[in-house]
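>>> got a sequence here, can you build the structure:
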Amino acid sequence: MKVSLAPHDLWAARHGRALHLAAQGYFWVGGETIDTPGGRALRGQTYVEYWIPEDLRHPWPIVMIHGGGGQGLDYLGTADGREGWVHWFVRQGYAVYVLDRPCHGRSPFDPDLQGAMLPSPPTIFLERLFSRSSTFEDNWPQARLHNQWPGSGTFDDPAFQRFLSSGGPIPASMERHQLDAQRGGVELLDQIGPSILMTHSAGGPIGWLLLDARPALVKGIIAVEPMGPPFAEMPDGKLSWGITAARITYAPPIACGADFELVERPPVRPDTVACKIQKEPARQLPNFVNVPIVVVTAEASWMAADNHGIVDFLAQAGASVKHLRLEDRGIHGNGHAMMLESNSNEIAKVIADWIEEQQLS
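Presented below is the predicted three-dimensional model:
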């Protein structure tokens, strides 16, 4: 069913109470000045939008970092047009800062300044991964459980077209992109102070890089299906440093990612895969100590098969990390883009409960 966008219909479909904001606006961080034949220019900037509730009830803001070829509006609405996680958490009294990573959304992209982008994936590939995973017989085993997409998931589905309209290609160099996003995120944390980070998918490494660079300013990380498994190779690069493509701090230090000694850890659940961890004694992530981290995994996502690899790698390296599988909390049928799906508010509540359990609220 198509949602009406007429003002009186939107007014009638409002939540039980009005959304009262003390402030709402935007700015950019992380712009890098470079010289070009036409003069000085900015590249690599990150767009940030802030939502500050009138009833501000929590000490730390939530910084939301989107995944893949999406943009910050992945958190600003669902595929069927309902309010997104930004609104949900603001209604709970959290200040929220939502980012468009460099080259995505409202963070400008110019190939002469930012570098090349990979080709956009075919829409059938996106249907397979995000919107109708259960209809492909050769998909990953958990795909058969996917039932929370708010529509048919085909190309003609209005919810899928809304999702498709917001997406785009990804930068060709994962390492360069992560460094650009880290630069902007560090500047943001320096401006707003201690924060809780919420990342999704390809935004996951940005959270790890920000924690590494500003451990005193990261109060906790909610990693929603972070990119993995460790040392994964993808079209735009490799997680050469285990959980990131860009350099991250280990103790004892290591010269380059290729110098890790690795072993495989067998899976402990059906329909999951073996993942790489370090050979003992494992190098530690000193800036991750005592910062609570939760990895949130959906039941029917392709990451249900390997997200445990990130958890195992972080735990071995000294991080305080827990794995929250939604099916273990009675939440079933979600895919990778869980914040866009029919039960998105139910998932937000589980995340908020974790924040409270960690005494971060």
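>>> tell me where the protein has helices.
7-12, 85-91, 111-114, 123-126, 158-166, 174-192, 204-213, 307-316, 344-357 (DSSP state H).
>>> wait, residue 24 sits on residue 50?
Yes - if you go by C-beta atoms under 8 Å, residue 24 and residue 50 touch, sitting 6.7 Å apart. Glycine gets a C-beta too; all of them are placed from N, C-alpha and C.
>>> who has more neighbours out of those two?
Shown here are residue 24 and residue 50; by other C-beta atoms under 10 Å, residue 50 has more neighbours (18 against 13).
>>> which residues touch that one?
Residues near residue 50 by C-beta atoms under 8 Å, 6 or more residues apart in numbering: 23, 24, 25, 26, 27, 95, 96, 97, 98.
>>> bridged to it, which residues?
Beta bridges link residue 50 to residue 25, residue 97, judged by DSSP bridges.
>>> separate out the buried members of the contacts of residue 50.
95, 96, 97, 98 (16 or more other C-beta atoms under 10 Å).
>>> the closest residue to residue 261 other than its chain neighbours and residue 229, how far apart?
Nearest residue to residue 261 in three dimensions, chain neighbours excluded: residue 279, at 4.0 Å (C-beta to C-beta, 6 or more residues apart in numbering). Separation of residue 279 from residue 229 (C-beta to C-beta, to the nearest Å): 16 Å.
>>> same check, this time on residue 5
For residue 5, the distance to residue 229 - C-beta to C-beta - is 40 Å.
>>> and the worst-scoring helix or strand of the chain on mean pLDDT, what does it pack onto?
When each helix and strand of the chain is scored by mean pLDDT, DSSP states H and E, helix 7-12 comes last, with a mean of 81. With contacts defined as 3 or more C-beta pairs under 8 Å, 6 or more residues apart in numbering; DSSP states H and E, helix 7-12 has no helix or strand neighbours.
>>> report the distance from that helix to the chain centre.
31 Å (C-alpha atoms, centre = their mean, to the nearest Å).
>>> re earlier: okay, residue 5 and residue 229: which has more neighbours?
residue 229 (24 against 8).
>>> shaky segments in this structure?
Under the criterion pLDDT under 70, the flagged ranges of the chain are 1-3, 15-16.
>>> any idea where the strands of it begin and end?
Using DSSP state E, the strands found in the chain span residues 21-29, 32-36, 39-43, 46-53, 62-65, 96-100, 195-200, 218-224, 233-234, 237-238, 262-265, 275-278, 292-297, 320-325.
>>> which of the ones you listed is buried the deepest?
strand 62-65 (a mean of 28; mean count of other C-beta atoms under 10 Å).
>>> the closest residue in space to residue 157 that isn't next to it in sequence: what's it in contact with?
Counting by C-beta to C-beta, 6+ apart, residue 157 lies nearest to residue 151, which is 4.0 Å off, once chain neighbours are set aside. Listed by C-beta under 8 Å, 6+ apart, the contact set of residue 151 reads 79, 80, 131, 157, 158, 159, 160.
>>> export those to TSV and append columns for neighbour count and distance to residue 260.
Supplementary listing: those in TSV, determined by neighbours: other C-beta atoms under 10 Å; distance: C-beta to C-beta, whole Å:
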residue	neighbour count	distance to residue 260
79	28	39
80	20	43
131	27	36
157	20	43
158	16	46
159	24	42
160	23	40
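>>> can I get the residues you listed in JSON lines including distance to residue 189?
Converted to JSON lines, the contacts of residue 151 look like this (distance: C-beta to C-beta, whole Å):
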{"residue": "79", "distance to residue 189": "30"}
{"residue": "80", "distance to residue 189": "33"}
{"residue": "131", "distance to residue 189": "34"}
{"residue": "157", "distance to residue 189": "38"}
{"residue": "158", "distance to residue 189": "37"}
{"residue": "159", "distance to residue 189": "34"}
{"residue": "160", "distance to residue 189": "35"}
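>>> which of those lies closest to residue 266?
residue 131 (32.1 Å; C-beta to C-beta).
>>> that closest one: what's its closest spatial neighbour, skipping adjacent residues?
residue 153 (3.3 Å).
>>> from residue 191, how far off is that neighbour?
Distance from residue 153 to residue 191, by C-beta to C-beta: 40 Å.
>>> might one say that residue 182 is in contact with residue 214?
No - the pair residue 182 and residue 214 does not pass the contact test of C-beta under 8 Å, sitting 9.7 Å apart.
>>> contacting residues for the closest residue to residue 140 other than its chain neighbours?
In this structure, residue 140 finds its nearest non-sequential neighbour in residue 302, 4.8 Å apart by C-beta to C-beta, 6+ apart. For residue 302, the contact set (C-beta under 8 Å, 6+ apart) comprises 129, 133, 139, 140, 142, 143, 336.
>>> switch the cut-off to 10 Å
With contacts defined as C-beta atoms under 10 Å, 6 or more residues apart in numbering, residue 302 is in contact with 128, 129, 130, 133, 139, 140, 141, 142, 143, 225, 335, 336.
>>> now these in a markdown table, with neighbour count?
A markdown table is the format used below for these (neighbours: other C-beta atoms under 10 Å):
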| residue | neighbour count |
| --- | --- |
| 128 | 20 |
| 129 | 20 |
| 130 | 24 |
| 133 | 24 |
| 139 | 17 |
| 140 | 19 |
| 141 | 13 |
| 142 | 23 |
| 143 | 22 |
| 225 | 26 |
| 335 | 29 |
| 336 | 24 |
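>>> nearest to residue 57, out of those: which one, please.
residue 225 (27.8 Å).
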